[in-house]
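> predicted model, plus sequence, below.
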Amino acid sequence: EAQVTQNPRYLITVTGKKLTVTCSQNMNHEYMSWYRQDPGLGLRQIYYSMNVEVTDKGDVPEGYKVSRKEKRNFPLILESPSPNQTSLYFCASSPRVNTEAFFGQGTRLTVV
Amino acid sequence: DQQVKQNSPSLSVQEGRISILNCDYTNSMFDYFLWYKKYPAEGPTFLISISSIKDKNEDGRFTVFLNKSAKHLSLHIVPSQPGDSAVYFCAASDYTNAGKSTFGDGTTLTVKP
């Protein structure tokens, strides 16, 4: 089954403790992205990647890192999480530019 | 500067009637527009898209209209069904800024039986 898989689905952590949210897709898509969804703010793009070893900042990259060492994986790294990073995070992949994105089920992160 | 706006946070319609969801954008470089539907506790799923070279695209009960001069697009759902109740996001991208997508805030549609 074609899918985007994020882990974990839920995470509660403390301020400053490094964490990684994994994202994997099995559709051989070139493009992958990370978004955060906050009430009243829609989906905001954090980082995106157009291919292996090619990443770029989205609209809200501060406090996040990403890597794309393999085509299928695009982990999101929070080196020192803060409470304002409490949010619902989505990973997405697309086969190419200007096509629909396939989203994961989301990761609800709480930083206390 | 919010480049994609959905000015109606919510919309309620009766089953069988038409639902019209609206989206405005400011960036004239946008050349591809999409609508996504999102149910609670799930990721968004693609619904329908339109390229800037077209002004209409239809897929079953869903039609998207694009008015480039007004920088406005709309999603029509006819007839509306209770299962259409969800949050709808409008999104836009431009080919020259490959990979970057901009989403609106979403409109919550409720279809009453």
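That came through fine.

> for residue A:1, give me its contacts.
Counting by CB atoms under 8 Å, 6 or more residues apart in numbering or on different chains, residue A:1 touches no other residue. For the C-beta atoms, the positions are set from N, CA and C on the backbone; glycine is no exception.

> and if you look at residue A:99?
Counting by CB under 8 Å, 6+ apart, residue A:99 makes contact with residue B:49.

> same question for residue B:2.
Counting by CB under 8 Å, 6+ apart, residue B:2 makes contact with residue B:26.

> in three-state terms, label it for me.
Here residue B:2 is coil, with the state taken from DSSP: H, G, I helix; E, B strand; the rest coil.

> flag the shaky bits of chain B, pLDDT-wise.
Low-confidence segments of chain B, defined by pLDDT under 70: B:99.

> residues from it in reach of chain A?
Selection of chain B residues close to chain A by CB under 8 Å from any CB of the partner chain yields B:6, B:9, B:31-32, B:34, B:36, B:41-46, B:49, B:51, B:89, B:91, B:93, B:95, B:98-106.

> so which residues on chain A come close to chain B?
Neighbours of chain B within chain A, by CB under 8 Å from any CB: A:4, A:31, A:33, A:35, A:40-45, A:48-50, A:56, A:58-59, A:90, A:92, A:97-106.

> how about a cut-off of 7 Å?
Applying CB under 7 Å from any CB of the partner chain, one finds that chain A approaches chain B through A:31, A:33, A:40-43, A:45, A:48, A:50, A:56, A:58, A:90, A:97-98, A:100-101, A:103-106.

> helices or strands next to whichever strand or helix holds residue B:37 in the packing?
Residue B:37 is part of strand B:32-38, with elements assigned from DSSP states H and E. Judged by 3 or more CB pairs under 7 Å, 6 or more residues apart in numbering or on different chains; DSSP states H and E, strand B:32-38 is in contact with strand B:45-51, strand B:86-93.
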